[in-house]
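Asks: Give me coordinates for this.
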Amino acid sequence: MKQVPEITVLMPAYNAAKYIAAAVESVLNQSFGNFELLVINDGSSDDTEWIVKNFADERIKIINQPHQGIAAALNIGLLNAAAPLIARFDADDICYPDRLQIQYDFFKANPEYVLTGSDVDYADHNSEYLYHYSNIGHTHKEINDRIGTFCPFIHSSVMYKKDIALTIGGYDAKAHTFEDYRLWIKFITKGKVCNTKKPLIMVRLNPESVTVDEKLRGKRFGILKKEMLFADNISKEQEEELLEILHSQNFMRFKNYSYNILIAKKYLWNNYQPAKARSSVRRAINFMPFQTTGYGLFILSCLPQKFVHRFYKKYKLLTGA
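Replies: I've put the predicted structure just below:
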């Protein structure tokens with residue numbers, strides 16, 4: 001008789017052929033074995049489906065659907081998940097070997113919790129280590145106090161109770177790029193949440209990812225996001241305005257520019273290596289030479305480390321970054 005899984009690892013995938021094999025391997029190599037890996041292939045036009053199907057492991061399930069976006073893919077996954085616990089994971093990240101065991105043991109020992117995440121390590125598209133990220137809060141109180149100012153969880157690090165996610169309506173497909181943040185705001189009303197300080201995954205930054213430095217999306221994006229995060233219902237007008245902003249930036253030149261700006265910032269703010277920061281800035285400027293951010297970062301990369309860190313502290317105070 002087939003064992004019922006304790007955990008569903010939920011992985012949406014869209015044109016993820018470049019990285020998905022490593023992501024799947026990191027799940028299959030977990031010290032905790034009683035899981036299913038549910039891959040929602042969201043209309044990929046590359047070899048994503050073929051790569052996943054070439055893994056000979058009965059714990060892998062794949063659902064193919066026309067491209068509908070990450071929120072729709074995740075909601076399909078929630079409806080088809082066989083386990084009571086959902087471990088979110090992205091197709092370009094890497095799970096550390098004990099990730100599932102640590103989070104499973106936590107839920108068994110703390111039934112009052114509905115969601116747990118972790119700190120993470122970041123790497124670039126070549127898997128080169130960038131920096132360690134510590135979340136804005138780790139205890140329930142810290143997260144509850146700060147959830148209004150910044151997203152308190154790294155999406156692909158979280159494990160949560162499926163029944164709670166379904167009860168609160170799953171991911172809001174209108175909250176494009178921050179559907180996870182909106183879900184956490186609802187989750188925290190249903191029970192306790194936390195983050196572990198131990199990093200459980202490696203998040204890979206790459207130009208193809210939806211991860212973009214939101215400061216580059218413009219002031220209106222930030223205002224609109226804040227309005228939509230805490231709205232009872234997102235209006236059609238709000239969604240249309242948000243989509244207009246996102247569509248205007250949905251081209252590879254902007255994505256490559258944004259990626260290299262983000263990498264440069266990490267090599268200045270989080271893992272001081274000015275030469276690497278300058279290399280990323282040069283690439284960013286090549287993609288979008290008329291944007292001023294790259295030139296400012298280039299100047300900073302030539303200044304002493306103490307000055308750069310003082311600048312960053314003031315920058316955080318002004319922007320809340």
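Asks: By residue count, what's the longest helix in this protein?
Replies: Identified as the longest helix of the chain according to DSSP state H is helix 252-269.
Asks: Pull that helix out as PDB, backbone CA atoms only.
Replies: Extracted C-alpha coordinates of helix 252-269, given in PDB (Å, rounded to 0.1, in the frame of the first residue of the first chain):
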ATOM      1  CA  MET A 252      15.000  41.100 -21.000                       C
ATOM      2  CA  ARG A 253      17.000  44.300 -21.100                       C
ATOM      3  CA  PHE A 254      15.300  45.600 -18.000                       C
ATOM      4  CA  LYS A 255      15.500  42.200 -16.300                       C
ATOM      5  CA  ASN A 256      19.200  42.000 -17.000                       C
ATOM      6  CA  TYR A 257      19.700  45.500 -15.900                       C
ATOM      7  CA  SER A 258      17.700  45.000 -12.700                       C
ATOM      8  CA  TYR A 259      19.600  41.700 -11.900                       C
ATOM      9  CA  ASN A 260      23.000  43.300 -12.200                       C
ATOM     10  CA  ILE A 261      22.000  46.300 -10.100                       C
ATOM     11  CA  LEU A 262      20.700  43.900  -7.400                       C
ATOM     12  CA  ILE A 263      24.000  41.900  -7.500                       C
ATOM     13  CA  ALA A 264      26.000  45.100  -7.300                       C
ATOM     14  CA  LYS A 265      24.100  46.200  -4.200                       C
ATOM     15  CA  LYS A 266      24.700  42.900  -2.500                       C
ATOM     16  CA  TYR A 267      28.400  43.200  -3.200                       C
ATOM     17  CA  LEU A 268      28.400  46.600  -1.600                       C
ATOM     18  CA  TRP A 269      25.800  46.300   1.300                       C
END
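Asks: What are the buried residues along it?
Replies: By neighbour count on 16 or more other CB atoms under 10 Å, the buried set for helix 252-269 is 254-269. Placement of C-beta: from N, CA and C, glycine included.
Asks: Next: stretch 214-231.
Replies: So for stretch 214-231, counting by 16+ other CB under 10 Å, buried means 215, 216, 217, 221, 224, 225, 228, 229.
Asks: Equivalent analysis for stretch 46-62, please.
Replies: 48, 49, 51, 52, 55, 59, 60, 61, 62.
Asks: got the contact list for the first one?
Replies: For residue 48, the set of contacting residues under the criterion of CB atoms under 8 Å, 6 or more residues apart in numbering consists of 13, 14, 15, 16, 17, 20, 41, 91.
Asks: ok, now with 6 Å
Replies: 13, 16, 17, 20, 41 (CB atoms under 6 Å, 6 or more residues apart in numbering).
Asks: Pull out the buried residues from the residues you listed.
Replies: For these, buried by 16+ other CB under 10 Å: 13, 16, 17, 20, 41.
Asks: Show me those residues that map onto strands.
Replies: Secondary structure assignment by DSSP state E places 13, 41 of the buried ones among the contacts of residue 48 in strands.
Asks: Residue 159: which of the buried ones among the contacts of residue 48 is nearest?
Replies: residue 13 (19.1 Å; CB to CB).
Asks: mind checking which helix or strand the residue lying closest to the closest one once chain neighbours are set aside is in?
Replies: Leaving aside its sequence neighbours, residue 13 sits nearest to residue 91 (CB to CB, 6 or more residues apart in numbering; 4.1 Å). Assessed by DSSP states H and E, residue 91 sits outside every helix and strand.
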